[in-house]
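Novice: just coords:
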């Protein structure tokens with residue numbers, strides 16, 4: 001395994017752990033941190049000039065994620 005691949009995988013693991021830590025912090029009682037579902041809901045409602053830009057961004061993110069992890 002190359003160093004570049006190891007760094008990339010480590011970066012994704014660290015990002016996932018950070019996201020998990022924020023989600024745990026958001027689920028505490030009286031937390032002011034929004035949950036991931038709430039943030040996604042706000043993004044999905046975003047529109048610009050009648051185009052569902054938020055939905056397209058989420059679709060693009062899932063496409064990118066699948067391409068990078070499943071296209072081998």
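Specialist: Sure thing, it's come through. On a predicted model such as this, the values are computed, not experimentally measured, just so you know. Numbers count the residues shown, from 1 in each chain.
Novice: Any stretches of this protein with poor pLDDT?
Specialist: Scanning the chain for pLDDT under 70 picks out 72.
Novice: just the helices in it please.
Specialist: Counting by DSSP state H, the chain forms helices over residues 3-26, 36-45, 53-70, given from the N-terminal end onward.
Novice: Save those as TSV, and put in mean neighbour count too.
Specialist: Every residue, glycine included, has its C-beta placed from N, CA and C. Shown next, in TSV, are the helices of the chain (neighbours: other C-beta atoms under 10 Å):
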stretch	mean neighbour count
helix 3-26	11
helix 36-45	12
helix 53-70	11
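Novice: if I read this right, residue 23 contacts residue 36, doesn't it?
Specialist: Yes. Here residue 23 lies in contact with residue 36, judged by C-beta atoms under 8 Å, at a distance of 5.5 Å.
Novice: Skip the chain neighbours and tell me the closest residue to residue 25.
Specialist: Leaving aside its sequence neighbours, residue 25 sits nearest to residue 33 (C-beta to C-beta, 6 or more residues apart in numbering; 5.3 Å).
Novice: dump the residue contacts of that neighbour.
Specialist: For residue 33, the set of contacting residues under the criterion of C-beta atoms under 8 Å, 6 or more residues apart in numbering consists of 22, 25-26.
Novice: Of the residues you listed, which is the nearest to residue 15?
Specialist: For those, the residue nearest residue 15 by C-beta to C-beta is residue 22; the value is 10.7 Å.
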